[in-house]
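Trainee: sequence unavailable; structure follows:
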């Protein structure tokens, strides 16, 4: 669901435009009308009634997409009243869709979008089969106005943190997941028997099994959080067995089996700034994203800490520092996540017909010194104000001390 709030023609002129879908264009114009891109190029005719943004000497890119986090679902991590991303009471929550828990007035939204992030995943957490993630734009007074796609996929934790779901054993987790999948398929074949209580007890309630059916029919991706090579291999194995559309998330040791992941055609979400070994990821390394991209894996970047979603461009810069090309990194925070989440027809690049999520930067967006000059979401210019900028202005000049 995409709701446009503003009908206006805007021309961003004179900048160096990085469409992502093609090479950069010097001294170019991005023409926007009614929330969508109308034209991009060096010879675009600007209507007389268009509002103009002079981007001369600036860089123009699509808005950045963060493929992780709980934007709108969390405010203060240690305050239970400010967290809506977890459904307590069961470790199987496949039917739990986080959308109606999103707070459009969250203070984290303006803090994030003033750094050029216009779209994020809002993911469930706190369980094993955690629930349904949704994709949102970071503007709108209502949930309906923010939603892009709901659901994007069902999230399952297959990392070390999920061992409790399998009797403290990774093998137990894999076996239990197969039982849940098998019971969901059996339930779909015998719904009438289920309603008459003529089936043996199933591995999960009917609502959870029903929610898994789009995944088992290949209509909806399974987003699996896994870091260790053995866990990634298990996810790939189960995906083959059930013919699933798989998305790997975390994937800290994925570089070790990059060729296998590429051969399986599985996209991966990674955090290039992670480099601290743990028992869940002894082989973690900064070069993970670069090695995967070189092998032909579709790599998207993410920032899992919602309060720091704005650091997604630092994640990209770090990936470039450790071997990714600049073009690959830009694609990994724009078009590739749009492709991975099934919205590339409308998002991820500056092309005619796509939603006008556009950022004007003072320079290279992956350099820490670069600033954001303009952010447009669905063709609407967003004020570059947040709780942080308000505090900065408030205390810029301190009263005299006596």
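Mentor: Arrived safely, thanks for sending. Being a predicted model, the structure only gives us computed values, none of them experimental.

Trainee: for the longest helix out of those in the chain, which positions count as buried?
Mentor: With residue count as the measure and DSSP state H as the assignment, the chain has helix 170-189 as its longest helix. With burial defined by 16 or more other Cβ atoms under 10 Å, the residues of helix 170-189 counted as buried are 170, 173, 174, 176, 177, 180, 181, 183, 184, 185, 186, 187. Using the backbone N, CA and C atoms, a C-beta is placed for each residue, glycine as well.

Trainee: the third one touches residue 236, doesn't it?
Mentor: No. Residue 174 is not in contact with residue 236 according to Cβ atoms under 8 Å; the separation is 11.7 Å.

Trainee: contacts only, for the residue nearest the centre of the chain.
Mentor: For the chain, residue 67 is the residue whose C-alpha lies nearest the centre (Cα atoms, centre = their mean; 1.8 Å). Counting by Cβ atoms under 8 Å, 6 or more residues apart in numbering, residue 67 touches 120, 121, 249, 269, 300, 301, 302, 337, 340, 341.

Trainee: look up the pLDDT of it for me, please.
Mentor: Turning to residue 67, the model gives it a pLDDT of 95.

Trainee: nearest residue to it in space, please, no chain neighbours.
Mentor: residue 302 (4.2 Å; Cβ to Cβ, 6 or more residues apart in numbering).

Trainee: quick one: the one you found and residue 64 touch, right?
Mentor: No. The pair residue 302 / residue 64 is not scored as a contact, 11.0 Å apart, by Cβ under 8 Å.

Trainee: touching both of the two, which residues are there?
Mentor: residue 312.

Trainee: which one of these two has more residues nearby?
Mentor: residue 64 (29 against 26; other Cβ atoms under 10 Å).

Trainee: in contact with that one, which residues?
Mentor: With contacts taken as Cβ under 8 Å, 6+ apart, residue 64 has the following neighbours: 116, 117, 118, 119, 312, 313, 333, 334, 359, 365.

Trainee: can I get those residues in a markdown table including distance to residue 21?
Mentor: Conversion of the contacts of residue 64 to a markdown table gives the following (distance: Cβ to Cβ, whole Å):
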| residue | distance to residue 21 |
| --- | --- |
| 116 | 18 |
| 117 | 20 |
| 118 | 17 |
| 119 | 16 |
| 312 | 20 |
| 313 | 20 |
| 333 | 14 |
| 334 | 9 |
| 359 | 16 |
| 365 | 17 |
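
Trainee: can you redo those as JSON lines with secondary structure and pLDDT?
Mentor: Below are those laid out as JSON lines (DSSP: H, G, I helix; E, B strand; the rest coil; pLDDT from 0 to 100):
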{"residue": "116", "secondary structure": "coil", "pLDDT": "98"}
{"residue": "117", "secondary structure": "strand", "pLDDT": "98"}
{"residue": "118", "secondary structure": "strand", "pLDDT": "98"}
{"residue": "119", "secondary structure": "strand", "pLDDT": "98"}
{"residue": "312", "secondary structure": "helix", "pLDDT": "97"}
{"residue": "313", "secondary structure": "helix", "pLDDT": "96"}
{"residue": "333", "secondary structure": "coil", "pLDDT": "98"}
{"residue": "334", "secondary structure": "coil", "pLDDT": "98"}
{"residue": "359", "secondary structure": "strand", "pLDDT": "98"}
{"residue": "365", "secondary structure": "coil", "pLDDT": "98"}
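
Trainee: could I get the phi/psi values of residue 309?
Mentor: In terms of degrees, to the nearest 10, the main-chain angles of residue 309 are phi -60, psi -30.

Trainee: neighbours of it, just the number please.
Mentor: Per other Cβ under 10 Å, the neighbour tally for residue 309 reads 26.

Trainee: for the stretch 1-150 of the chain, which residues score under the pLDDT cut-off?
Mentor: Low-confidence segments of the stretch 1-150 of the chain, defined by pLDDT under 70: 1-7.

Trainee: which residue ranges of it form strands?
Mentor: The residue ranges that make up the strands of the stretch 1-150 of the chain, judged by DSSP state E, counting those that start in this stretch, are 9-17, 25-33, 36-41, 51-54, 59-62, 64-66, 117-122, 129-137, 147-157.

Trainee: now these as CSV including distance to residue 386?
Mentor: Rendered in CSV, the data for the strands of the stretch 1-150 of the chain read as follows (distance: least, Cβ to Cβ, whole Å):
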stretch, distance to residue 386
strand 9-17, 22
strand 25-33, 23
strand 36-41, 26
strand 51-54, 20
strand 59-62, 20
strand 64-66, 16
strand 117-122, 12
strand 129-137, 16
strand 147-157, 22
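
Trainee: that older thread, farthest-apart pair in the contacts of residue 64, please.
Mentor: Comparing all pairs in the contacts of residue 64 by Cβ to Cβ, the longest separation belongs to 119 and 365, at 14.9 Å.

Trainee: who has more neighbours out of those two?
Mentor: The residue with more neighbours, out of residue 119 and residue 365, is residue 119; 30 against 24, by other Cβ under 10 Å.

Trainee: hey, what's the more buried one bridged with?
Mentor: The residues listed as beta-bridge partners of residue 119 by DSSP bridges are residue 65, residue 137.

Trainee: for it, give me its contacts.
Mentor: For residue 119, the contacting residues are 63, 64, 65, 66, 135, 136, 137, 138, 148, 347, 357, taking Cβ under 8 Å, 6+ apart as the criterion.

Trainee: could those go into TSV alongside distance to residue 194?
Mentor: What follows is the contacts of residue 119, written out as TSV (distance: Cβ to Cβ, whole Å):
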residue	distance to residue 194
63	45
64	45
65	40
66	40
135	32
136	35
137	39
138	41
148	34
347	39
357	44
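
Trainee: which one of those residues is nearest to residue 84?
Mentor: Closest approach between the contacts of residue 119 and residue 84, by Cβ to Cβ: residue 136, at 13.3 Å.
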